[in-house]
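Colleague: Kindly generate the corresponding structure for this input.
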Amino acid sequence: MAPAHTTTRAQIPHVSGGGRILGHLQALRHDPVSLLTRVQRECGEVGEYRLLDQPMVLLTGERAQEAFFRARDEELDPQPTANRIMKPIFGEGVVYDLPPERRRETLRSPALRDENLRKSAGRIAEETERMLDGLGDEGEMDLLDFTTELTIYTSSATLVGPSFRAALTPEFAHAYHDLEKGTDAAGYVDATLPVEPFLRRDRARRRLVELIEAVIAARRLSGEAPRDMLQALLTLTDEAGKPRFSPDQITGILVSTMFAGHHTSSATSAWTLVELLRHREHLARVLAELERLHASEPDVTYQALREIPFLENAIKETLRLHPPLVLLLRTAMVDFEYGGRRIEAGKVVTVSPAVSHRDASCFQEPERFDPDRYAEGREEDRRHPWAYIPFGGGPHRCLGANFAMIQLKAIFSILLRRYEFELVAPPASYTDDHSKMIVLPKQPCRVRYHARAAPRRASPAA
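Modeller: This is a model prediction of the structure:
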């Protein structure tokens, strides 16, 4: 239960520093974890920082974060802030730019239901095998570029449809990556500022519309009508019998659908491999687990993916140390009270997975990569569910969380059995790029690879 609010209303303490005009914006763009950790250290559970003229309140600690996640939308609503940030990416009339009921409806993608997730394993395996076939026996690559392209293909094949994925080229993946990288922290204040990340984002979105228009034109020319999300959107009409969605809106819907299966998976798959290469004793345990499993079940199936607990724990630990989002945000729709402090309506209320996941009162040796912290009997994530929040919590917990885990386990079930990897640069040089709201490994993020003796290929019918 959320903690009881007291009636005493003390003033919210403000963190030190910050410029007279920009406030703490530059600190948030360049080193957000240090800034937010300082807010916690100086202010306690409730502290305020400022981005230009926008006051931001950070809640930290399990009790405060529980109050944040349990709050009703009438109290703390994600829509106003999320729409300001994501509207240039998703477009008008899509997801957060919709009334509440329609927004909830669009977020409930049928592809993310359990019965459909069961069908995803084989498709993800097939896409991973196809991508690996282009690597050759050995070489060097930027790991983030590789996982970004791979997860575009796996997400589009499973969440939109195989026919749509078959029409995609690497250009689509690269444009999508530029779109995703357009989540500069300046968007917390104004996502339409004429800064280079936003200009690149807008160019990428226009190009994605053109690429999807080309797919639509090819379908109409061929007369093919595959049963997938794109075709369903094309067949919807309004009361006058005209197409319900424009190509721009269709692009936004498809982008928002793939977003649930891509932005977490691209970064987390890259970071999971980096962390396993930094800690080869854990990599050896993952490989032994995969060999045991696939000795009796060579194909990648939904059931098989449930039977690799140590790999799952390694992924969960990667998500703890490298959460995809530094901040989760809500707008206070009314005065909101916690711990005897009143947060006035209109302020943006935030929690930080990056800060929470390093809370020593919840996680033993929080800076250490330790997959065993999720093992039976220890289970630090379950003991502290409001502290382990890579996918958020409460009614707005990310709907793509289960899909992301299935996707990541399927990818590694094939990737690690087909190739050996080594880091190109010193291990400590691989760091997070916190300049974006969606956190990615800083590039270059290079690895070398060598083919192993080939295992039996995954069955596309799994």
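Colleague: Every contact and neighbour count from this point should use C-alpha atoms.
Modeller: Noted.
Colleague: The stretch 101-250 of the chain: strands as residue ranges?
Modeller: Ranges of strands in the stretch 101-250 of the chain, per DSSP state E, counting those that start in this stretch, are 138-142.
Colleague: So, low pLDDT: which residues of it?
Modeller: Low-confidence segments of the stretch 101-250 of the chain (pLDDT under 70): 101-118.
Colleague: now the residue most central in space within the chain: how far from residue 442?
Modeller: Closest to where the C-alpha atoms of the chain average out (Cα atoms, centre = their mean) is residue 264, at 2.8 Å. Residue 264 sits at a distance of 15 Å from residue 442 (criterion: Cα to Cα, to the nearest Å).
Colleague: re the thing from before, and the helix or strand where the residue nearest to the centre of the chain lies with strand 138-142, angle?
Modeller: Assigned by DSSP states H and E, residue 264 belongs to helix 247-278. Calculated by axes from the mean of the first three to the mean of the last three Cα atoms, to 10 degrees, helix 247-278 forms an angle of 120 degrees with strand 138-142.
Colleague: Helix or strand next in line after helix 247-278, which one?
Modeller: On the C-terminal side of helix 247-278, the nearest following helix or strand under DSSP H and E is helix 280-296.
Colleague: hmm, who's touching that following helix?
Modeller: Contact partners of helix 280-296, identified using Cα atoms under 8 Å, 6 or more residues apart in numbering, comprise 276-277, 304, 307-308, 310-311, 413, 416-417.
Colleague: What of stretch 18-25?
Modeller: Residues outside stretch 18-25 that contact it (Cα under 8 Å, 6+ apart) are 17, 27, 49-53, 185-186.
Colleague: Just the buried residues from the residues you listed, in PyMOL please.
Modeller: The PyMOL selection below is limited to those of the contacts of stretch 18-25 classed as buried (16 or more other Cα atoms under 10 Å):
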select buried, resi 27+49+50+51+52+185+186
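Colleague: Residue 428: neighbour count?
Modeller: Residues within reach of residue 428, counting by other Cα atoms under 10 Å, total 7.
Colleague: go on, residue 308?
Modeller: Residue 308: 17 surrounding residues under other Cα under 10 Å.
Colleague: tell me the phi and psi of it?
Modeller: Main-chain torsions, residue 308, degrees, to the nearest 10: phi -130, psi 70.
Colleague: dump the residue contacts of it.
Modeller: Listed by Cα under 8 Å, 6+ apart, the contact set of residue 308 reads 289-290, 293.
Colleague: Turn those residues into TSV, including distance to residue 392.
Modeller: Converted to TSV, those look like this (distance: Cα to Cα, whole Å):
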residue	distance to residue 392
289	29
290	29
293	31
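Colleague: Quick one: those residues as a markdown table, columns for distance to residue 198, pLDDT and neighbour count too.
Modeller: Converted to a markdown table, those look like this (distance: Cα to Cα, whole Å; pLDDT from 0 to 100; neighbours: other Cα atoms under 10 Å):
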| residue | distance to residue 198 | pLDDT | neighbour count |
| --- | --- | --- | --- |
| 289 | 43 | 94 | 17 |
| 290 | 42 | 92 | 24 |
| 293 | 45 | 83 | 18 |
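Colleague: Just name the closest of the residues you listed to residue 155, please.
Modeller: Checking these against residue 155 by Cα to Cα gives residue 290 as the nearest, at 23.1 Å.
Colleague: roughly how far apart are the closest one and residue 374?
Modeller: Note on residue 290: its distance to residue 374, by Cα to Cα, is 18 Å.
Colleague: Mind jotting down where the helices sit in the stretch 101-250 of the chain?
Modeller: Shown for the stretch 101-250 of the chain, the helices assigned by DSSP state H, counting those that start in this stretch span residues 114-117, 120-133, 143-155, 162-166, 170-180, 196-222, 229-235, 247-278.
Colleague: Let me know how buried residue 365 is, in neighbour terms.
Modeller: Neighbour count of residue 365, defined by other Cα under 10 Å: 12.
Colleague: what helices or strands is the helix or strand residue 320 falls within leaning on?
Modeller: Following DSSP H and E, one finds residue 320 within helix 309-321. Counting contacts by 3 or more Cα pairs under 8 Å, 6 or more residues apart in numbering; DSSP states H and E, helix 309-321 is packed against helix 247-278, helix 280-296, helix 353-356, helix 401-418.
Colleague: What are the buried residues along it?
Modeller: Applying 16+ other Cα under 10 Å to helix 309-321 flags 309-321 as buried.
Colleague: Need the residues that contact that helix.
Modeller: Contacting residues not belonging to helix 309-321 are listed as 268, 271-272, 275, 285-286, 289, 353-354, 357-358, 367, 369-372, 374-375, 388-390, 405, 408-409 [Cα under 8 Å, 6+ apart].
Colleague: Would you mind listing which of these are buried?
Modeller: So, by 16+ other Cα under 10 Å, the buried ones in these are 268, 271-272, 275, 286, 289, 353-354, 357-358, 369-372, 374, 388-390, 405, 408-409.
Colleague: State the distance from residue 351 to residue 60.
Modeller: According to Cα to Cα, residue 351 and residue 60 sit 6 Å apart.
Colleague: do the same with residue 221
Modeller: Taking Cα to Cα, one finds residue 221 at 55 Å from residue 60.
Colleague: Neighbour count: these two, which is higher?
Modeller: The residue with more neighbours, out of residue 221 and residue 60, is residue 60; 28 against 9, by other Cα under 10 Å.
Colleague: Tell me the pLDDT of the more buried one.
Modeller: With respect to pLDDT, residue 60 has a value of 97.
Colleague: try residue 405
Modeller: Model confidence at residue 405, given as pLDDT, is 89.
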